[in-house]
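Novice: Provided below for reference: sequence and predicted model.
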Amino acid sequence: MTPVLEVRGVRLRRGARDVLRDVTLSVGAGDVVAIMGLSGSGKTTVLRVVAGLEPFEAGEIRIGDATCGSGQGRRDAGHRAVGQVGMVFQFHHLFEHLSAIDNVCLAPVHVQGVSRAVATATASRLLEDLGVGHRAAALPRELSGGEAQRVAIARALALDPPLLLLDEPTASLDPARRGEFGSTLRNLAATGRALLVTSHDDDFVRDWATAVVILADGEVVEQGDPRDILTNPRHEATRALLRSATPTLPRWPS
Amino acid sequence: MKVTTAMNATRSASLLAGLTMVALAAIAVPHVSLRASQPSFFLWGGDAEGGAPFVEADPHQPDRVVGLDVEIAELVAHALGRSPRFVQITFTSLDQSAARGDFDLGLSGIEDTPARRAAVAATVPYYEFREVLTVRDADRDRFRSFADLNGHRVATLGGTIAYELLLAAERDHGIVAVSYDDDVHPYGDLANGRVDAVLLDNVLADRSMRKVRGLYTNHEGVAVGHYIGVLRPTETVLRDQVNQILREAMRDGRLEAILRRWNVWNDDQPPLFARVLADAPVGATAIPETTPISTLDMTRRYLPSLATASLVTLVLSCLSMALAVVSGAGIAIGRVYGGAVTRLLLTAYVEVMRGTPILLQLFVIYYGLAAVVRLPAFVAALIGLGLNYAAYESEIYRGALEAVSRGQLEAARVLGLSDRQTLRLVRAPQAFRLALAPMTNDFVAMLKDSSLVSVLTVMELTKQTQIFATNLGSWVIPGVLCAALYLMMSLPLAHLARRLEAAWQAPTAS
């Protein structure tokens, strides 16, 4: 079975700095792939390139049947991904002037041309499934961090994309909620979606990801089974990452 | 009667002028004390802006004034053994300045009216004029009286006897009275067809006939009036002295010589002189109502026109603001999304509109374009205000559009919205909320700036107030009424804006 997402040899420079160097990774249907790395290693940039928000210099990105080469403008890149990629930003970026359910309905109604009634019904079910059905009428500023994240996931899923990108989804959750969230991700993957997630949290990745990619200075230094890699790190960058990820706050026993 | 040039139209913002006078009081005080200690000066006031042939800047030496009133003032000063000194006073403020004692004598083609006589001390008349109708040559046999002009637009200088006559003719003969802020443009607009007749005194009509071709003045005259000098109401002794000097000059031919020198002498003057010298009544004044009426009555009479003028102000401001909002949004979008050339052109537009006076823009649109397209005054005012404010609105919207965070736009892009959809569905709605407060501010400013369009003969609230105040001879009641009317328009607006803002901020039911 061909993977949903294939990133091959992607290079991106900003000024004199290499942000991504020959990044290659793939995510198959049902996979939850986590990208880990220190701040500035390029995790978020990988998601942005895949989502079509950043142009890149060299390499190739294939999502489903659509392939995007380097050199394509930002605009083309964005449109290539329509309906193929859903993205959940670290700070959610929910449309501030729209209620939760209107955030979810926007793309189905205006991009796919779905009738408002159908879109609303679908959106309600999505919000319900994600446990925020009761917040449908709330504006983004009235939502808690966790609620906003679930609404953002519902919005990203509204076009039913085969690939879902989540940038630092655990950052806005307290530890007690992470398990719950992890199982939500697993459920999404179980329906045949491919998930690509950036994270700082090695415990979360060990428990819930099907694969991990370690990124250092824009380069993939290690990838494979998270239990294996995060338990027996081979690369110095991975060891540095695990040291820095050691929690500074005591964890309450659950 | 006296004259203002077109470019002097700033004076139309005369509430400001009224307030300025209060501020000027402090400056004027030293004048008074100066006079007390140095009685050798004879201060006389007039308006030299476009004031030919009464008072105007000497073309050869612009810091000097010349004119028939200048010579009469010199004559009076010398007879009193004092040397004349000219004080520039805005024409519409002459009465109030006289009442305050800013000068000894005001001379500037000032009409004799009952209201004026009630407010200041007036000299004997020194010139008799006729209010005459001027029409286009082709209409000389068609339009011979007000009755012939039923349904036609007749122009004059606002706040004058001629304007009162036109208002009376509006009631009696169905003409349409049009008020100008100066006495030059009525003739220009007559020639190009914006109005069908002009009623002004023979002195001004003759002067304009020499400049504008293709016009005909019917010298029979609709009414008769007189020019007088004005003094502080308490200066009755000085007034009697001035009257004595004027009578002397009538008797010995010096006044005639002055009037002849300025080409305004005619057969109407000897009978006037004879009546003045005989201390006989000088004949009917031109004003339709000769009985002085009380302040309360006059206020009551002006209320309907003030209400109409408020409506004009409100409708004009709303329409202009609508134009400004639509054009401003277009400009802002062009500047944010457009190519280099579009951006350059729009930036140039904004800088030109913001960097030049709105009065100049109004004149260019109304008079400057008259050769190409003859816009009705209201339309020209609407376009002028709207296009000027569009520049300011566009800057607000541009700032607001750029204040919408990049994350919002990226979220829209990842969902597959086009740039146009992102603007319509995400960016513009959020920007509008940011722009609301400054927009309200501009709307209130527009209500007040709309007073400037009186220079295009649009009778809005400030202009109507000015006419009211001129006829009443006081700014107190007109000023308070006018301020109250403006506030009645602006306060609900501010309230509405606050409610809208609150509605967007309040949590919705969850």
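Specialist: Yep, it's here.
Novice: what about the helix or strand where residue B:345 lies, distance to the chain center?
Specialist: Using DSSP states H and E, residue B:345 sits within helix B:340-355. Averaged C-alpha coordinates place helix B:340-355 at 31 Å from its chain's average position (Cα atoms, centre = their mean, to the nearest Å).
Novice: what does stretch A:219-238 give?
Specialist: Distance, centroid of stretch A:219-238 to centroid of chain: 20 Å (Cα atoms, centre = their mean).
Novice: so where do the strands sit in chain A?
Specialist: Assigned by DSSP state E, chain A shows strands spanning A:5-14, A:17-27, A:32-36, A:58-63, A:66-69, A:85-88, A:163-166, A:194-199, A:211-216, A:219-224.
Novice: weakest of those in terms of mean pLDDT?
Specialist: Lowest mean pLDDT within the strands of chain A: strand A:66-69, at a mean of 74.
Novice: Provide the strand pairings for that strand, with the direction of each partner.
Specialist: Here strand A:66-69 has these sheet partners by DSSP bridges: strand A:58-63 (antiparallel).
Novice: how is chain A carved up into domains?
Specialist: With domains defined by automatic domain parsing, chain A comprises A:5-84+A:164-245, A:97-160.
Novice: export these to a markdown table and tack on mean neighbour count?
Specialist: No exception for glycine: its C-beta is placed from N, CA and C like everyone else's. Formatted as a markdown table, these follow (neighbours: other Cβ atoms under 10 Å in any protein chain shown):
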| stretch | mean neighbour count |
| --- | --- |
| domain A:5-84+A:164-245 | 19 |
| domain A:97-160 | 20 |
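Novice: worst average pLDDT in those?
Specialist: Among these, domain A:5-84+A:164-245 scores lowest, at a mean of 86.
Novice: rewinding a little: can you lay out the strands of chain A as a markdown table showing distance to residue B:392?
Specialist: Output for the strands of chain A, formatted as a markdown table (distance: least, Cβ to Cβ, whole Å):
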| stretch | distance to residue B:392 |
| --- | --- |
| strand A:5-14 | 38 |
| strand A:17-27 | 42 |
| strand A:32-36 | 48 |
| strand A:58-63 | 46 |
| strand A:66-69 | 44 |
| strand A:85-88 | 38 |
| strand A:163-166 | 42 |
| strand A:194-199 | 45 |
| strand A:211-216 | 49 |
| strand A:219-224 | 52 |
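Novice: and the stretch 101-250 of chain A, which of its residues are near chain B?
Specialist: Residues of the stretch 101-250 of chain A lying close to chain B (Cβ under 8 Å from any Cβ of the partner chain) are A:106-107, A:110-111, A:134-135, A:137-139, A:142, A:155-156, A:158-159.
Novice: Now find how far off-centre stretch B:131-148 is within its chain.
Specialist: 26 Å.
Novice: tell me which residues of it are tucked away?
Specialist: Neighbour counts over stretch B:131-148 (16 or more other Cβ atoms under 10 Å in any protein chain shown) mark B:131, B:132, B:133, B:134, B:135, B:136, B:139, B:143, B:146, B:148 as buried.
Novice: Between the two ends of that stretch, how far is it?
Specialist: Terminal residues of stretch B:131-148 lie 17 Å apart, using Cα to Cα, to the nearest Å.
Novice: Contacts for it, please.
Specialist: Identification of contacts with stretch B:131-148 by Cβ atoms under 8 Å, 6 or more residues apart in numbering or on different chains yields B:149, B:152, B:154, B:161-162, B:165, B:169, B:172-173, B:175, B:187, B:190-191, B:193, B:196-202, B:205, B:208-209, B:214-225, B:286.
Novice: follow-up on the earlier one: right, and the strands of chain A - which one's nearest residue B:182?
Specialist: strand A:5-14 (63.8 Å; Cβ to Cβ).
Novice: ok and the closest one relative to strand A:219-224, angle-wise?
Specialist: 160 degrees (axes from the mean of the first three to the mean of the last three Cα atoms, to 10 degrees).
Novice: I'd like to know which elements strand A:5-14 is packed against.
Specialist: Applying 3 or more Cβ pairs under 8 Å, 6 or more residues apart in numbering or on different chains; DSSP states H and E, one finds that strand A:5-14 contacts strand A:17-27, helix A:43-51, strand A:58-63.
Novice: who does it pair up with?
Specialist: strand A:17-27 (antiparallel), strand A:58-63 (antiparallel).
Novice: now the angle between helix A:43-51 and the longest one, please.
Specialist: What that stands for is strand A:17-27. Going by the same axes, to 10 degrees, strand A:17-27 makes 60 degrees with helix A:43-51.
Novice: After the helix holding residue B:345, heading C-terminal, what element do we hit next?
Specialist: Following helix B:340-355 in sequence, per DSSP H and E, is helix B:358-366.
Novice: just checking, next helix/strand downstream of that following helix?
Specialist: Past helix B:358-366, the next helix or strand by DSSP H and E is helix B:377-403.
Novice: Could I get the buried residue list for that following helix?
Specialist: In helix B:377-403, counting by 16+ other Cβ under 10 Å, buried: B:377-378, B:380-398, B:400-401.
Novice: one step back: out of the helices and strands packed on strand A:5-14, flag the one nearest residue B:311.
Specialist: Taking Cβ to Cβ, helix A:43-51 is the member of the helices and strands packed on strand A:5-14 nearest to residue B:311, at 55.6 Å.
Novice: Tell me if the closest one is near chain B.
Specialist: Yes. Helix A:43-51 comes into contact with chain B (Cβ under 8 Å from any Cβ), by way of residue A:51.
Novice: how is chain B carved up into domains?
Specialist: B:6-126+B:227-290, B:129-224, B:297-504.
Novice: Dump these to a markdown table, plus mean pLDDT.
Specialist: What follows is the domains of chain B, written out as a markdown table (pLDDT from 0 to 100):
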| stretch | mean pLDDT |
| --- | --- |
| domain B:6-126+B:227-290 | 80 |
| domain B:129-224 | 90 |
| domain B:297-504 | 91 |
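Novice: backbone phi and psi for the residue in the stretch 101-250 of chain B that chain A sits nearest to, please?
Specialist: Closest contact between the stretch 101-250 of chain B and chain A, by Cβ to the nearest Cβ, is at residue B:181 (46.4 Å). For residue B:181, the backbone dihedrals are phi -90, psi 0 (criterion: degrees, to the nearest 10).
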